[in-house]
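**Q** coords please:
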Amino acid sequence: MRLEIHCADRMGIAQEVLNILVSYQVDLKGIEVDAINSKMFISMPPIEFEIFQKLMPEIRLIDGVEDVKTTAFMPSEREHNELKTLLSVLPDGIISIDTKGCVRLCNDAAARDLNIDKFEVIDLNINNLLKGFNFNRWLESDEVLGQTVRVEVSGEDFIADILPISVPDASSEDILAGAVINIKSQSRLGQQVSVFRRYGQESFSSIQSQSTAMRRVVREAKRISHLEAPILILGETGTGKELLARACHFSSNRSMKPFLALSCASLPDNVAESELFGHIDHTNESLTKRGILEQADGGTVFLDEVGEMSTQLQTKLLRFLQDGTFRRVGDENEVKVNVRIIATTQKDLPGMVQEGAFREDLYYRINVLTLDIAPLRDRKADISPLSNHFIQKYAHQMGVKVPELTPECLAFLEQYPWPGNIRQLENALYRAVSLLDDEKLGIEHLQLPSFTNDLGYLESDFEGSLDQAVKRFESTLLRKLYPAYPSSRQLAKRLGLSHTAVANKLREYGINRKTIKV
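**A** Numbering: from 1, shown residues only. So this is what the prediction gives:
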């Protein structure tokens, strides 16, 4: 049993409490004083209820006692168990030694590293366990300061952080009571460095956002990253959609779980279905495979170019988004997982919905939280920091001096339309830095398709004739405008054409109320 007594700071009050305990022949197991909060804690064996009823009022009658009540634990018990719990869950080894270098405490992680039972290590000298540093000489030195040193444990290199333990003394300087040693293996240290680097590469801080458009996207992404609804990221190829998706994942509560990606455009339908949902082979269990959704349970699945997904796969994905369940290929049993979907596309999904190429119900399922990344040609303020970043990155990789970007070259980069967006800019600068023999990087070092201010960028992969290109543009424009106008006459007026001309074009492109839902 433990009592918590609220009392004044008065000399002799503890003795009066102890006298009452003695009068009832109650054995005292411990007493602690919290001078800051004016509390006294008493620990004693369990007592009979009749004695307890008499004991409590007598303690309350002591001069200076404000209140007395039972409590679950003593402050030292709480601190001891807090420390014990903390040491047990720490992934790194913790060893406590006294002033003679003998081990007084060791957690499970340290025992594993030392390859010895944590109870057997007690009282052993630390110099026999950690080689390469004289702990006794350090403890006996005139000024014992914290150290970070390399030590050897069972033939493996470790980093040891050594911190002295001092006990305050009112009459003199603090008294040295020993030291705490935190040991970390080389592999463990490498894992932590990798996580730090990964966070730097995949967080929002890695996204260059000097332009107003990109700052807005990053601001919105930070807000929605903590939500659980699907995210749809729109943007042209090479704008950094996957980078933004990874930043959303690592900023969310799912950051410690997997982030797995599937390219919907690069795989055949049957392969994509197996990769996403997994498959069961009843004849050979070794061929059974868990899909990306199962592997990413608790994390995020990134669907790149979701607009390329087949109709069959769209149906299965819709079912999963509705209730979180799916069936593996060749299996009748349902699997339930907790996964967030982040999808990207550069296609016109509303137009595909109108054409029947993409399921309307799936579109509204994934189009809950939307981020639209502007092309690089509309984000000129981002070109300079991006260029400097890529130049420094590849110069460091190649072990060469970082070249200076000339003002003329920067002006050219800011005026170039970048149809391949950031990916094209990065590739162009990578090639330039690789072949550069100068300390300055100029326009002449770039190899890019021809572009003039008058004619713009000439697409080398342009297909078809001018007439076909015009028809594609007309068809797209009419499909977007048609649902907004109740009659073809009003649509004709909007476009400045005759009703007959518009009606003929609608007929030519197969656009009507049946093919387009309004």
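
**Q** show me where pLDDT drops low in this structure?
**A** For the chain, the stretches flagged by pLDDT under 70 are 170-172, 187, 190-202, 286, 450-463, 486, 513-518.

**Q** which residue is nearest the centroid of it?
**A** Phe250 (2.0 Å; C-alpha atoms, centre = their mean).

**Q** is it true that it touches Ile207?
**A** No. Using C-beta atoms under 8 Å, Phe250 is not in contact with Ile207, being 11.8 Å away. From N, CA and C alone the C-beta is placed, and that goes for glycine too.

**Q** ok so, going back, distance of the residue nearest to the centre of the chain from His226?
**A** From Phe250 over to His226 the distance is 12 Å, taken as C-beta to C-beta, to the nearest Å.

**Q** Same check on Asn128?
**A** Per C-beta to C-beta, Asn128 is found 50 Å from His226.

**Q** Now do the buried residues in the helix or strand harbouring Phe52.
**A** For Phe52, the host element (DSSP states H and E) is helix 49-60. Going by neighbour count (16 or more other C-beta atoms under 10 Å), the buried part of helix 49-60 is 55, 58-59.

**Q** Pull the distance from that helix to the chain's centre.
**A** Distance of helix 49-60 from the chain centroid (C-alpha atoms, centre = their mean, to the nearest Å) equals 56 Å.

**Q** In space, what's closest to Pro45 - neighbours in sequence excluded?
**A** Asp27 (5.7 Å; C-beta to C-beta, 6 or more residues apart in numbering).

**Q** Contacts for stretch 246-258, please.
**A** Applying C-beta atoms under 8 Å, 6 or more residues apart in numbering, the contact partners of stretch 246-258 are 198-199, 202-204, 206-207, 221-222, 224-226, 231, 259, 295-300, 302, 340, 342.

**Q** make that stretch 476-495, sorry
**A** 348, 350-351, 354-355, 498-499, 501-503, 505-506, 509, 511, 516-518.

**Q** Any idea how far apart the tips of that stretch sit?
**A** The straight-line separation of the ends of stretch 476-495 (C-alpha to C-alpha, to the nearest Å) is 14 Å.

**Q** ok, now stretch 340-356?
**A** First-to-last residue span, stretch 340-356, C-alpha to C-alpha: 26 Å.

**Q** buried set for it?
**A** 340-346, 348-349, 351-354.

**Q** Any idea how many residues pack against Leu386?
**A** 20 (other C-beta atoms under 10 Å).

**Q** now the closest residue to it other than its chain neighbours: how far from Leu371?
**A** Sequence neighbours aside, Gln208 is the residue nearest to Leu386 in space, at 5.0 Å (criterion: C-beta to C-beta, 6+ apart). Between Gln208 and Leu371 the computed distance is 16 Å (C-beta to C-beta).

**Q** Then His389?
**A** In terms of C-beta to C-beta, His389 sits 21 Å off from Leu371.

**Q** Just want to know which of these two has more residues nearby.
**A** Taking other C-beta under 10 Å, His389 and Leu371 do not tie; Leu371 has more neighbours (21 against 14).

**Q** Could you give the secondary structure assignment for the residue nearest to the more buried one when sequence neighbours are not counted?
**A** Nearest residue to Leu371, sequence neighbours excluded (C-beta to C-beta, 6+ apart): Ile233, at 4.8 Å. For Ile233, the assignment made with DSSP: H, G, I helix; E, B strand; the rest coil gives strand.

**Q** So what's the residue count around Ile233?
**A** By other C-beta under 10 Å, neighbour count at Ile233 equals 27.

**Q** beta partners of it?
**A** Residues in a beta bridge with Ile233, per DSSP bridges, are Thr344, Leu371.

**Q** Could you pull up the residues touching it?
**A** 241, 244-245, 342-344, 370-373.

**Q** what do you get if the cut-off is 7 Å, keeping everything else the same?
**A** 241, 244-245, 342, 344, 371, 373 (C-beta atoms under 7 Å, 6 or more residues apart in numbering).

**Q** sorry, back to before: can you verify my assumption that the residue nearest to Pro45 contacts Ile42?
**A** No. Look at Asp27 against Ile42 with C-beta atoms under 7 Å: they stay out of range, at 11.2 Å.

**Q** who's more crowded, these two?
**A** Taking neighbours as other C-beta under 10 Å, Asp27 and Ile42 compare with Ile42 leading, 23 against 9.

**Q** so Asp361 makes contact with Leu318?
**A** Yes. Under the criterion of C-beta under 7 Å, Asp361 makes contact with Leu318 at 6.1 Å.
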